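Trainee: sequence and predicted structure below; questions after.
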Amino acid sequence: MPATKETIGQIEYYSRAMKAPRIREAAPRLADQAREGGWTHEEYLAAVLLREVAAREASGAEIRARAAGFPARKSLEDFNFDHQPGLKRDIIAHLATGVFLTEASNIVLLGPPGTGKTHLATGLGLRATQLGHRGLFATAIDWVARLQGAHQNGRLPQELVRLHRYGLIIVDEVGYIPFEQDAANLFFQLVSSRYEHASLILTSNLPFARWGDVFGEQVVASAMIDRIVHHAEVITLKGSSYRLKHTQVDSLPSTRPENTAE
């Protein structure tokens with residue numbers, strides 16, 4: 001028996017009160033399907049609620065993705081694994097489950113420019129937002145600038161605490177520009193504050209052995225690397241730049257065998 005006008009009005013009222021517009025939209029349509037298919041009351045209710053929950057989750061993921069500040073929407077599905085034949089797909093698939101986030105583990109992507117580090121970092125970050133985690137993306141230089149601003153305003157401790165609310169912080173392009181000592185110390189505080197509490201994804205064109213050149217001294221670099229890799233998946237990407245694939249340029253100056261994790 002079709003629903004009466006009074007019942008439909010009640011559904012519309014209740015859905016507005018609950019701020020659940022998809023229930024209002026889905027209920028009449030699914031009611032017809034339920035009657036034709038002989039659904040139970042429970043099956044009909046579950047189907048209606050599913051539409052609302054799915055829409056809310058999709059909307060929340062989009063909001064989290066926009067707030068993260070990704071430079072571009074690059075998904076894991078779009079990554080060209082053929083350009084990285086040595087990269088194990090099962091490792092990326094495992095990381096895409098988000099387990100590393102629940103374990104407060106890190107991911108480090110090392111390799112020459114153009115080998116897909118930022119794409120993978122972005123793709124994993126996007127997947128994290130789809131799984132319900134909040135994240136922030138910025139280059140290493142931008143992160144240092146942010147921390148310097150907080151420090152100058154006397155709010156560095158508060159800023160580090162605020163960043164704890166984000167399950168994932170992505171630091172792109174570590175090593176492209178050396179840090180001054182004060183900047184290196186601030187970056188070290190960011191890493192230390194998240195150690196065993198929340199996750200980092202870092203990309204770098206330099207092997208760990210050369211991070212001392214970036215952070216001014218080996219002591220700071222060693223202490224930082226120790227905290228980063230204690231609970232981390234370190235992935236080394238190799239080869240020439242994917243961006244040069246259809247050009248006459250064979251390689252870049254930084255494409256050297258030393259670009260490994262060792």
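Mentor: Structure received.
Trainee: so where do the helices sit in the protein?
Mentor: Per DSSP state H, the chain carries helices over the ranges 5-17, 21-37, 41-68, 89-95, 99-102, 117-130, 140-152, 156-163, 181-194, 211-215, 218-229.
Trainee: now those helices as TSV including mean neighbour count and mean pLDDT?
Mentor: From N, CA and C alone the C-beta is placed, and that goes for glycine too. Below are these laid out as TSV (neighbours: other CB atoms under 10 Å; pLDDT from 0 to 100):
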stretch	mean neighbour count	mean pLDDT
helix 5-17	12	83
helix 21-37	16	87
helix 41-68	14	86
helix 89-95	14	96
helix 99-102	16	96
helix 117-130	23	96
helix 140-152	17	97
helix 156-163	14	96
helix 181-194	18	95
helix 211-215	19	92
helix 218-229	16	94
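Trainee: how about a markdown table for these, with distance to Gly111 added?
Mentor: Formatted as a markdown table, the helices of the chain follow (distance: least, CB to CB, whole Å):
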| stretch | distance to Gly111 |
| --- | --- |
| helix 5-17 | 51 |
| helix 21-37 | 44 |
| helix 41-68 | 23 |
| helix 89-95 | 14 |
| helix 99-102 | 19 |
| helix 117-130 | 6 |
| helix 140-152 | 16 |
| helix 156-163 | 26 |
| helix 181-194 | 20 |
| helix 211-215 | 14 |
| helix 218-229 | 16 |
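Trainee: Gly239: which of those is closest?
Mentor: helix 117-130 (11.9 Å; CB to CB).
Trainee: need the contact partners of that closest one.
Mentor: Here helix 117-130 makes contact (CB atoms under 8 Å, 6 or more residues apart in numbering) with 61, 64-65, 68, 70-79, 92, 95-96, 98, 101, 107, 109-111, 135, 137, 167-168, 170, 172-173, 201, 203-205, 235, 237.
Trainee: circling back to that earlier point, nearest to His83, out of the helices of the chain?
Mentor: helix 117-130 (10.1 Å).
Trainee: so what's the residue nearest to Val171 when sequence neighbours are not counted bridging to?
Mentor: The shortest distance from Val171 to any non-neighbouring residue, by CB to CB, 6 or more residues apart in numbering, is to Leu202 (4.7 Å). Beta-bridge partners recorded for Leu202 (DSSP bridges): Val108, Val171.
Trainee: Leu202 contacts Gly175, correct?
Mentor: No. Contact criterion CB atoms under 8 Å: Leu202 and Gly175 do not qualify, at 9.6 Å.
Trainee: buried members of the contacts of helix 117-130 into PyMOL, please.
Mentor: Here is the PyMOL selection string for the buried members of the contacts of helix 117-130, based on 16 or more other CB atoms under 10 Å:
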select buried, resi 61+64+65+68+70+74+76+79+92+95+96+98+101+107+109+110+111+135+137+167+168+170+172+173+201+203+204+205+235+237
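Trainee: and the residue nearest the centre of this protein?
Mentor: Nearest to the mean C-alpha position of the chain, by CA atoms, centre = their mean, lies Gly125 at 1.4 Å.
Trainee: do you know how far that one is from Leu76?
Mentor: Using CB to CB, to the nearest Å, Gly125 is found at 10 Å from Leu76.
Trainee: with His119 instead?
Mentor: From His119 to Leu76 the distance is 9 Å (CB to CB).
Trainee: contacts only, for His164.
Mentor: His164 neighbours (CB under 8 Å, 6+ apart): 193-194, 197-198.
Trainee: closest to Ala34 among those?
Mentor: For the contacts of His164, the nearest to Ala34 is Ala198 (44.2 Å; CB to CB).
Trainee: would you mind confirming that the closest one makes contact with Val161?
Mentor: No. Contact criterion CB under 8 Å: Ala198 and Val161 do not qualify, at 11.5 Å.
Trainee: what pLDDT does Pro257 get?
Mentor: Here, the pLDDT recorded for Pro257 equals 41.
Trainee: my bad, should have said Glu262
Mentor: 49.
Trainee: ok, Thr4 next?
Mentor: Reading off the model, Thr4 has pLDDT 68.
Trainee: before we move on, the earlier item: and Leu202 and Gly175? Which one has more around it.
Mentor: Comparing Leu202 with Gly175 by other CB atoms under 10 Å, the one with more neighbours is Leu202, at 24 against 20.
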